[in-house]
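[1] build the 3D model from these lines:
(one chain, ligands or ions: 1)
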Amino acid sequence: MFETDTIRSAVSTAKSYFPEIQALYQRLPETRCECSRPGVCCVYLPEMTFMEAMQWMEILLDMEPPRRIEKIKKIVEFYLVTPLRSVGCPFLENGACTIYPFRPFACRAYGLWSQERGAQRTRQSIEDRKSLVKQWERFGIFFPKQWTGGEIDYCREATWTSPAVSDTDLMRILEAIYRTDDPLFELKAEFENALHSDFSFLVTTLVLGYQKAVLAKYAVIKEMVREKKEDRIKSYLKKISL
Ligand code: SF4
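    So this is what the prediction gives:
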């Protein structure tokens, strides 16, 4: 399972593939968003490939320690309270993306998919979240009736600066980004299978260890749902230090 040294070494291998990923990103038109609620589409962490996760890991490792701790706490909080409550993407600050050049394909393609495909992806996310809630119910945790899943409708307001790309083109670019994971195949498989390609799960695993991350999430959600308290999450976050 992932440990800090494994990740440091993965980042150092991954670095040489970052320019290739950035070149693939350049094949996407730049989107413009002038809606009245900027950042509202950043309510969840985007899905990402392992190499994209390593790009984010490098950003975290390069941060000054106080800022790194602040970000790690946000990421761990995101992991522990999702899907009951969304605290938004940890890199969103004052309605703006603080890692814009390194936002993954999922963020860049948002608004570029056809309305039909985008709406289909949104429906799929809602269904996935619902089935997640069913899994919690199997453990005796019942989410409040007013819980909606927090998914927003697919954006209809994005515009782009260069010619549009088709859904097929987008899939081709995404596949090419996936292929950059090949040199780190074993870690990529672990990231996808054990951590569901969830960057917040990866960071929490590095902080607490895999098993404790899973148990902590259960304990935090259970306390929030059954006792309407947030003592555990506060205690976990307080303990995080470099
Ligand atoms: S990486 Fe940036 S664009 Fe993507 S969800 Fe986070 S804040 Fe939003």
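
[2] pLDDT on the lengthiest helix in the chain, on average?
    Identified as the longest helix of the chain according to DSSP state H is helix 115-138. In this model, helix 115-138 carries a mean pLDDT of 88.

[3] show me how far it is from its chain's centre.
    Between the centre of helix 115-138 and the centre of its chain there are 15 Å (Cα atoms, centre = their mean, to the nearest Å).

[4] and it, what's buried?
    Residues of helix 115-138 classed as buried: Arg117, Gly118, Thr122, Ser125, Arg129, Trp136 (neighbour count, 16 or more other Cβ atoms under 10 Å). The C-beta positions use only the backbone N, C-alpha and C, and glycine is treated the same way.

[5] over to stretch 11-19?
    Val11, Ala14, Tyr17, Phe18.

[6] filter these down to the ones in helices?
    Using DSSP H, the buried residues of stretch 11-19 in helices are Val11, Ala14, Phe18.

[7] ok so, going back, export the buried residues of helix 115-138 as TSV, with columns for distance to the ligand.
    Shown next, in TSV, are those (distance: Cβ to the nearest ligand atom, whole Å):
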residue	distance to the ligand
Arg117	19
Gly118	15
Thr122	15
Ser125	13
Arg129	17
Trp136	24
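
[8] strands of this protein, start to end?
    Secondary structure of the chain (DSSP state E): strands at 31-32, 92-93, 96-97, 159-160.

[9] that older thread, and the longest helix of the chain, what does it pack onto?
    The contact analysis (3 or more Cβ pairs under 8 Å, 6 or more residues apart in numbering; DSSP states H and E) places helix 115-138 against no helix or strand.

[10] so which residues make contact with stretch 5-23?
    The contact list for stretch 5-23, computed with Cβ atoms under 8 Å, 6 or more residues apart in numbering, reads 51-52, 54-55, 57-58, 61, 101, 177, 180, 183-184, 187, 202, 206.

[11] buried subset of the residues you listed?
    Using 16+ other Cβ under 10 Å, the buried ones in those are Met51, Glu52, Met54, Gln55, Met57, Glu58, Ile177, Thr180, Leu184, Leu187, Leu202, Leu206.

[12] look up how far Leu112 lies from Gly221.
    You called it Gly, but residue 221 is Ile. Here the distance between Ile221 and Leu112 works out to 34 Å (Cβ to Cβ, to the nearest Å).

[13] so what's the residue count around Tyr25?
    19 (other Cβ atoms under 10 Å).

[14] pLDDT score for it?
    In this model, Tyr25 carries a pLDDT of 97.

[15] from what I can see it touches Phe102, true?
    No. Counting by Cβ atoms under 8 Å, Tyr25 does not reach Phe102; the two are 9.3 Å apart.

[16] check the average confidence over stretch 185-196, would you?
    For stretch 185-196, the mean per-residue pLDDT is 96.

[17] give me the buried positions along that stretch.
    By neighbour count with 16+ other Cβ under 10 Å, stretch 185-196 contains the buried residues Leu187, Lys188, Glu190, Phe191, Leu195.

[18] how far is stretch 58-76 from where the chain is centred?
    How far stretch 58-76 lies from its chain's middle: 15 Å, per Cα atoms, centre = their mean.

[19] with just CA atoms, put it into CSV.
    Output in CSV follows, covering the C-alpha atoms of stretch 58-76 (Å, rounded to 0.1, in the frame of the first residue of the first chain):
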residue,chain,number,x,y,z
GLU,A,58,4.4,17.4,-6.7
ILE,A,59,2.5,20.6,-6.1
LEU,A,60,1.8,19.6,-2.5
LEU,A,61,5.5,18.5,-1.9
ASP,A,62,6.7,21.9,-3.3
MET,A,63,4.5,24.0,-1.0
GLU,A,64,5.9,25.8,2.0
PRO,A,65,5.2,23.6,5.1
PRO,A,66,2.5,25.8,6.7
ARG,A,67,0.6,26.0,3.4
ARG,A,68,1.1,22.3,2.8
ILE,A,69,-0.3,21.4,6.2
GLU,A,70,-3.3,23.6,5.5
LYS,A,71,-4.0,21.9,2.2
ILE,A,72,-3.4,18.4,3.6
LYS,A,73,-6.0,19.2,6.3
LYS,A,74,-8.5,20.3,3.7
ILE,A,75,-7.9,17.2,1.6
VAL,A,76,-8.2,14.9,4.6
